[in-house]
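> coords please:
(3 chains)
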Amino acid sequence: MSWYVACLSSELGRRRPLGRTVAGSHMALFRDGSGRPAALVDRCPHRNVPLACGRVRSGLLECCYHGWRFDGEGACRAVPGLVDADADRRAHRAIAHATAEFDGFVWVWLEPGEPSPAAPFRFPHVDDPAYATVRRHVTLPAGLHACLENALDVPHTAFLHGGLFRGGREPVEIEVVVRHHAGGVEAEYLGEPRPEGLIGRILAPEGGVLTHVDRFQLPSIAQVEYRLGENHLVDTIAFTPVDDGQTELYAAITFHLRLPHAPVRAAVTPIVSRILAQDARVLRRQRENIQAFGGEHFASTELDVLGQHIRRLLRGSEAEPGERRIKMRV
Amino acid sequence: MSWYVACLSSELGRRRPLGRTVAGSHMALFRDGSGRPAALVDRCPHRNVPLACGRVRSGLLECCYHGWRFDGEGACRAVPGLVDADADRRAHRAIAHATAEFDGFVWVWLEPGEPSPAAPFRFPHVDDPAYATVRRHVTLPAGLHACLENALDVPHTAFLHGGLFRGGREPVEIEVVVRHHAGGVEAEYLGEPRPEGLIGRILAPEGGVLTHVDRFQLPSIAQVEYRLGENHLVDTIAFTPVDDGQTELYAAITFHLRLPHAPVRAAVTPIVSRILAQDARVLRRQRENIQAFGGEHFASTELDVLGQHIRRLLRGSEAEPGERRIKMRV
Amino acid sequence: MSWYVACLSSELGRRRPLGRTVAGSHMALFRDGSGRPAALVDRCPHRNVPLACGRVRSGLLECCYHGWRFDGEGACRAVPGLVDADADRRAHRAIAHATAEFDGFVWVWLEPGEPSPAAPFRFPHVDDPAYATVRRHVTLPAGLHACLENALDVPHTAFLHGGLFRGGREPVEIEVVVRHHAGGVEAEYLGEPRPEGLIGRILAPEGGVLTHVDRFQLPSIAQVEYRLGENHLVDTIAFTPVDDGQTELYAAITFHLRLPHAPVRAAVTPIVSRILAQDARVLRRQRENIQAFGGEHFASTELDVLGQHIRRLLRGSEAEPGERRIKMRV
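All right, here's what the predicted structure looks like:
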């Protein structure tokens, strides 16, 4: 059981509930009377209509069919028409998921009815006034592993995103250090020259060699970090699996640059959208083709630096902590 | 096996057959040479094309692929191109369902090839010149039980149809008498004040207390009756199950009022349409959610006065005849 | 294993690959550096994206995700980013199907990785300058047997295509000779008068009796031949099964007439399109109805001269060579 992001804070208002599916669990999200997010199993205990089709009244979630009302803990607070209003309401309870709200994201704990465990992952730098943040929520038509591998894969960028990010010059040979540790794996790219395209030029206006680290952390966090002198960019993604064919991407791209942040944000935002659309398209084709062929049949090279480690971690098997070095043309 | 409504009389013309599915049985309906409705299993015995895709010629149903023709009993009357026209045509028979036409509805007997049994249920008052009738055919995206429970449920009306029917005033406590008998169950509401909304105002222009009875009768009849003095309204619905996720609603709303009938009909018709659209939407959400959760998980209160009796009757188990009283705020 | 048409020659250019499914096998078709057609199993060995989503560069097929490139035999010729470019590439091979290109059609051998066997079926007369040819590719929403039976069935034409081909006059009795031989079956129609409609009038402007033979040949060839004096028309169809519910039709209608060929072609082409659209519609209805009823349940007469022979041949059982005569009104 784990924490997953269920929505952006900005997606959850005070009047309309939100229906979301997290790792196969259907939830109705709403804000209670004090504005705190609540998440109920998205099934009215009475006649099983989705609670997310109802509305929020005075911080209670009201079912659209017969008007039963529930608070953020799932207690039934009204059954319209019932004369003996104190009749055993335990049978009428909805089931609640623990929630948390940090950094502009609403998280849910997957196991319903469990007490709230330790806090979820925190997005770095989003509260630091020296940094600007671009938040994104995109639905990807693929499973969690394919999305994680895509987010942390370098070689595809020169092809799939050619012109937008990487590509466009002769590749140079660099070294990659892969380190794994309990619950995660990371790849550090040593000696990578500035990528072509607008994002590279913003990070390194005068060129130079970047510090670049890609990280995965269980259950579903991907992070790409670039640094050159004072310029610093961290793209942190919390993925939320929906089912085998759909994954939600919640990203906070945080950056600190010598350039003014507002125009950079305006310039970068449409590029991020186009890159995500290209990834979504190839992920859909990959998933549909794997279905058409009845299963995966991958041939990997040493360029596939993180994908197989991530798969092992997702399956629950830990590798010995250690480090490996490979070469790559970038 | 049972009689079910297959279509409104007005839906079945003399030139085009009609394809309908009744409790999983696909039928091609048409009118024979004398105008009587006929129903054949909707599969040409030759190459299995739907007969409902063909056309009616001289009271015979002609398949669109090779032009084979069948009469209302299913006998094959022509095989174009065949030289020995009297060759054994028994092998070429289509299979017929018994039919009946009453009160503006065409009924079919579910078991094909069986002789016509006793007559189907009759809609009350549709032939009485003192009454006006509004007939409706609507497709509901839900199974038979959910549609029956919805049609005969009082508490949802104040929420789902709030403003159109019930809702809008402080509820008062009334008594409900539930009586079951062989093959059916009914609920009589004692002391119910006039509902808010246009329909209530038409029934009881000066207010007052209604006589109100809701009835279910096997296999699929729901009836709601209101009376106040001379004013009388009966909404009779014959449901036709199509499959687990679809049910056809055939209704005759008959009324006798002191007000002139034509303007009442013009005013009531769009309200009925909106109420049915609201019910269809919540029934679809209910069904899809039950599927998403892998089955029903209902918590009932004493307000659910008829639904569980109806389920038992649909499953073939009869309760002892008897009577029960409950309280409800309406 | 068999040869099947994968596309028209004109459908396969030099820049964009073509994704096609032949008898359940997904293939990426492209032209190699010398313009010869190539067919690879449509799954990049690396991350299983369809190769047909990529592009052709210098006669190599490049995957759209990471830019791996393959030649027409499936050898991997580039893995961008890989430093040790001569690393064991056998693990990175794509799998190739043998191909052949004749008569304006590209054929593929169904078994991948097999050496190219004997040549595929040749369409007659397409290279003869005395003949004109109309080529067609149409997708039919039905299985192979239903399409073959439809293409070689005479009695449906007067109904389904009434006004376009046959129909419109009193039928006359003729004789049909059915001959079967190893791998095929044919029906010769003796004494058939000119069909009504434009095609009949083009073939036989002064009327008369046609020579008419319909042929089936394994695995999927249907042919209809008409001759009257010097006038000669052969419609040859190579069907390609896709799956149980879809079949591709590749036709070459070749004709030699005393009339000038260009206006005949202009007049005949839209009629062929309408006839094919009528067949596609009835084949879809037939397939959907057979699914709805859970399987085929055909009643045949002696008018169904070829369908049952074709089914036996498709199932691999050969009949004794022989001949049978039946009567038919046409």
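> all contacts plus neighbour counts: C-alpha atoms, from now on.
Fine.
> wait, A:Glu196 touches A:Pro171, no?
No - counting by C-alpha atoms under 8 Å, A:Glu196 sits too far from A:Pro171 to count as a contact (10.9 Å).
> where does A:Leu198 land on pLDDT?
Looking at A:Leu198, its pLDDT is 82.
> what about it, how many neighbours?
18 (other C-alpha atoms under 10 Å in any protein chain shown).
> what about the nearest residue to A:Gly104 once chain neighbours are set aside, distance to chain C?
What sits nearest to A:Gly104 in space, not counting adjacent residues and going by C-alpha to C-alpha, 6 or more residues apart in numbering or on different chains, is A:Ser9, at 4.9 Å. Distance from A:Ser9 to chain C, counting by C-alpha to the nearest C-alpha, to the nearest Å: 33 Å.
> got a pLDDT number for A:Phe165?
So, for A:Phe165, pLDDT stands at 76.
> that one is in contact with A:Phe159, isn't it?
No - contact between A:Phe165 and A:Phe159 fails when scored by C-alpha under 8 Å: they sit 9.2 Å apart.
> is any part of stretch A:302-309 close to chain C?
Yes - using C-alpha under 8 Å from any C-alpha of the partner chain, we find that stretch A:302-309 touches chain C at A:Glu302, A:Leu303.
> got the contact list for the residue nearest to A:Gly104?
A:Ser9 sits next to A:Glu101, A:Gly104, A:Phe105, A:Val106 when contact means C-alpha atoms under 8 Å, 6 or more residues apart in numbering or on different chains.
> can I get those residues in JSON lines including neighbour count?
As requested, the contacts of A:Ser9 are arranged in JSON lines below (neighbours: other C-alpha atoms under 10 Å in any protein chain shown):
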{"residue": "A:Glu101", "neighbour count": "17"}
{"residue": "A:Gly104", "neighbour count": "16"}
{"residue": "A:Phe105", "neighbour count": "23"}
{"residue": "A:Val106", "neighbour count": "24"}
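> any idea which of those residues is closest to chain C?
Nearest to chain C among these is A:Phe105, at 30.9 Å by C-alpha to the nearest C-alpha.
> isn't that closest one up against A:Leu8?
Yes - under the criterion of C-alpha under 8 Å, A:Phe105 makes contact with A:Leu8 at 4.5 Å.
> what mean pLDDT does the longest strand seen in chain A have?
In chain A, with assignment by DSSP state E, the single longest strand is strand A:231-243. For strand A:231-243, mean pLDDT is 97.
> hmm, that strand in reach of chain B?
No - Strand A:231-243 stays clear of chain B (C-alpha under 8 Å from any C-alpha), getting no nearer than 12.2 Å.
> what pLDDT does the model give A:Gly207?
At A:Gly207, pLDDT is 85.
> now do the one 4 residues further on
The predicted local confidence for A:Thr211 comes out at a pLDDT of 93.
> shouldn't A:Gly143 be in contact with A:Thr247?
Yes - contact criterion C-alpha under 8 Å: A:Gly143 and A:Thr247 qualify, at 5.9 Å.
> overlap in contacts, those two.
A:Pro241.
> which one of these two has more residues nearby?
Counting neighbours by other C-alpha under 10 Å for A:Gly143 and for A:Thr247 shows that A:Thr247 has the greater number, 25 against 20.
> for that one, give its distance to chain C.
From A:Thr247 to chain C the distance is 18 Å (C-alpha to the nearest C-alpha).
> contacting residues for that residue?
Counting by C-alpha under 8 Å, 6+ apart, A:Thr247 touches A:Thr139, A:Leu140, A:Pro141, A:Ala142, A:Gly143, A:Leu144, A:Cys147, A:Phe239, A:Thr240, A:Pro241.
> and if you look at A:Leu228?
Taking C-alpha under 8 Å, 6+ apart as the test, what A:Leu228 contacts is A:Leu203, A:Ala204, A:Gly208, A:Val209, A:Leu210, A:Thr211.
> and with 10 Å instead?
A:Leu228 makes contact with A:Arg194, A:Leu203, A:Ala204, A:Gly207, A:Gly208, A:Val209, A:Leu210, A:Thr211, A:His212, A:Leu257 under the criterion C-alpha atoms under 10 Å, 6 or more residues apart in numbering or on different chains.
> separation between it and chain C?
On the measure of C-alpha to the nearest C-alpha, A:Leu228 and chain C end up 23 Å apart.
> repeat for A:Glu11
For A:Glu11, the distance to chain C - C-alpha to the nearest C-alpha - is 32 Å.
> just the pLDDT for that residue.
Value for A:Glu11, per-residue pLDDT: 97.
> do the same with A:Thr301
Looking at A:Thr301, its pLDDT is 93.
> try the one 4 residues further on
Per-residue confidence at A:Val305 stands at 95 (pLDDT).
> just A:Ala319 next, same as before
pLDDT at A:Ala319 comes out at 74.
> picking that back up, so which of the contacts of A:Ser9 comes closest to A:Ala52?
Using C-alpha to C-alpha, A:Val106 comes nearest to A:Ala52 of the contacts of A:Ser9, at 16.1 Å.
> the longest helix along chain A close to chain C?
Ranked by residue count, the top helix of chain A under DSSP state H comes out as helix A:261-292. Yes - judged by C-alpha under 10 Å from any C-alpha of the partner chain, helix A:261-292 and chain C are in contact via A:Gln278, A:Asp279, A:Val282, A:Leu283, A:Arg284, A:Arg285, A:Gln286, A:Arg287, A:Glu288, A:Asn289, A:Ile290, A:Ala292.
> hmm, A:Arg324 is touching A:Val176, no?
Yes - A:Arg324 lies in contact with A:Val176 (C-alpha atoms under 10 Å); the separation is 8.2 Å.
> what's the PyMOL line that selects buried ones from the residues of helix A:261-292 next to chain C?
In PyMOL syntax, the buried subset of those is picked out as below (16 or more other C-alpha atoms under 10 Å in any protein chain shown):
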select buried, chain A and resi 279+282+283+284+285+286+287+288+289+290
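> could you list the low-pLDDT ranges of chain A?
A:85-89 (pLDDT under 70).
> now do 80
Judged by pLDDT under 80, chain A has its weakly predicted residues at A:1, A:85-91, A:114-117, A:163-169, A:318-319.
> could you chop it up by domain?
Following automatic domain parsing, one finds the domains of chain A at A:3-109, A:132-329.
> what's the neighbour count on A:Leu210?
So A:Leu210, with other C-alpha under 10 Å, has 23 neighbours.
> tell me who's in contact with it.
A:Leu210 neighbours (C-alpha under 10 Å, 6+ apart): A:189-195, A:200, A:203-204, A:225-229, A:231-232.
> state the distance from it to A:Arg324.
20 Å (C-alpha to C-alpha, to the nearest Å).
> thinking again about what came up before, using ChimeraX, define a selection of the buried residues within the contacts of A:Leu228.
Restricted to buried positions by 16+ other C-alpha under 10 Å, the ChimeraX selection for the contacts of A:Leu228 reads:
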select /A:194,203,204,210,211,212,257
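> so which of the contacts of A:Leu228 are in strands?
Going by DSSP E, the strands hold A:Val209, A:Leu210, A:Thr211, A:His212 from those.
> my guess is the third one contacts A:Leu190. True?
Yes - with contact defined as C-alpha under 10 Å, A:Thr211 counts as touching A:Leu190 (7.0 Å).
> buried subset of the contacts of A:Leu210?
Here, 16+ other C-alpha under 10 Å leaves A:189-195, A:200, A:203-204, A:225-228, A:231-232 buried among these.
> re the thing from before, who touches both of A:Glu196 and A:Pro171?
With C-alpha under 10 Å, 6+ apart, A:Glu196 and A:Pro171 have common neighbours A:Ala158.
> ok, back up a step: the buried ones among the contacts of A:Leu210 in helices, which ones?
Per DSSP H, the subset of the buried ones among the contacts of A:Leu210 in helices is A:Gly200, A:Leu203.
> appreciated, that's everything.
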